[in-house]
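Asks: Attaching a predicted model along with its sequence, questions to come.
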Amino acid sequence: MKSFHYIVSLALAFWAIMPMTAQNNSENQENRRRSPVASRGERPNVEAESNLPKLTVRAQDLNERMDQDISKARWMRVIYRQINLMEEANAPLYYPTQPINGQMNLFSMIFQLICEDKLTVYEYLDGYEDFSDTHKVNLKDMLDRFHIFYEEIPGKGNLPASFVVNESDIPSAEVRSYYIKEAWYFDQQNSVFDVKTLAICPILTENGDIGETTMAMFWVPYEALRPYISNTFIMTSNTNNVMTFTYDDYFRRRMFNGEIIKTQNLLNQPLQAYCPTPDSLKKEQERIENQLVSFENSLWLQPDTTMQVVSNSKEVKNTDKSSARASKAKQKEVKVKAPKAAKTVPTRSVRRRR
């Protein structure tokens, strides 16, 4: 009798577990159908150490001391530029498109930092950027939006899920340009006129049926990115292959070529909104560049060139007068001739007469 009750209880437990198992299987299939998986290559070891430099306490302290404080600036102008990575001057940010020998381009480094939850990026807004928690970019949403293949690994316990992306699936070759947001400022307290890189935005280029389409991906605050790229050396010249500069040096020294596409203004208009033709756009870009140069030159005391010219002319006149006087004095000099030797008169001999 006891065995009969035991068998009945096992049967009831089995029939109770079956619907839950079927539901879990259906949910797993639905998740696999919705989420793209890694397209090619072997699954990387999640527990393997990252190739990216670790952010130590000393690096954090150095980053804080290298920060350019623009809060006390008496004059500032925010400018947006677009840098084309297909140009030779901007190629150090693009190559190598696939990591090789421990070297990777800028987007591959940014992407790995995001996947490792070491870097927070924010939504690209067509206007004023907002680097607050309300505009944080969710990694899964970003991967789905830009059709990047990944593998989702559920977290253990209270830990969130992690996402694994093969190196071959990172669209580093498709990121062919960047938006750069920079601030030109004058710090009157320190008498400094400088430029600070505020944020960068990678632009993804896709080839479709209608041609190439570009999409701005997200904004990366430069101060959060700098500790990781300040120790990464890159090659910046075709004639000198020694890696003497870092990514941070590349941005700080402004070694890139970038065209102005917008300046921060009250109407929030880009240059193309009031420059319909390429010629007018180029003239407006040159006008803004000249404004920055002229403002910097107006800060410092310039020598009075008119007074310098007058003083130089006076010196020339004085030298002319002195030379004329000297020549006249030479003309008036009396030449003293040496006295001629006196002529000797020969004496006539007198013969004695006998």
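Replies: Noted; the coordinates are in hand.
Asks: Show me the strands in the stretch 1-150 of the chain, by range?
Replies: 75-84 (DSSP state E, counting those that start in this stretch).
Asks: Give the burial count for the closest residue to residue 143 other than its chain neighbours, as a bare number.
Replies: Leaving aside its sequence neighbours, residue 143 sits nearest to residue 150 (CB to CB, 6 or more residues apart in numbering; 5.0 Å). The C-beta positions use only the backbone N, C-alpha and C, and glycine is treated the same way. By the criterion of other CB atoms under 10 Å, residue 150 has 21 neighbours.
Asks: Report pLDDT for residue 150.
Replies: What the model reports as pLDDT for residue 150 is 92.
Asks: Helices of the chain, start to end?
Replies: 2-34, 57-66, 106-115, 139-145, 222-229, 247-252, 271-274, 278-299, 305-332 (DSSP state H).
Asks: Quick one: low-confidence residue ranges for the stretch 201-350 of the chain.
Replies: For the stretch 201-350 of the chain, the stretches with pLDDT under 70 are 304-350.
Asks: again, 90 this time
Replies: Low-confidence segments of the stretch 201-350 of the chain (pLDDT under 90): 206-212, 231, 237-241, 267, 296, 298-350.
Asks: I'd guessed residue 125 sits against residue 137; true?
Replies: No. Distance between residue 125 and residue 137: 11.6 Å, which falls outside the contact criterion (CB atoms under 8 Å).
Asks: Of those two, which one has the most company?
Replies: Neighbours per residue (other CB under 10 Å) separate residue 125 from residue 137, with residue 137 holding more: 17 against 11.
Asks: Would you confirm that the more buried one contacts residue 220?
Replies: No. Contact criterion CB under 8 Å: residue 137 and residue 220 do not qualify, at 9.9 Å.
Asks: Pull up the overlap in contacts between these two.
Replies: residue 121 (CB atoms under 8 Å, 6 or more residues apart in numbering).
Asks: So the residue nearest to residue 143 versus residue 231, what's the distance?
Replies: 28 Å (CB to CB, to the nearest Å).
Asks: And residue 182, by the same measure?
Replies: 22 Å.
Asks: Mind giving me the packing neighbours of the longest strand along the chain?
Replies: For the chain, the longest strand by residue count, based on DSSP state E, is strand 192-208. Secondary-structure packing of strand 192-208 (3 or more CB pairs under 8 Å, 6 or more residues apart in numbering; DSSP states H and E): strand 175-187, strand 211-216, strand 220-221, helix 222-229.
Asks: Mind putting these into a markdown table with mean neighbour count?
Replies: Output for these, formatted as a markdown table (neighbours: other CB atoms under 10 Å):
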| stretch | mean neighbour count |
| --- | --- |
| strand 175-187 | 20 |
| strand 211-216 | 11 |
| strand 220-221 | 20 |
| helix 222-229 | 20 |
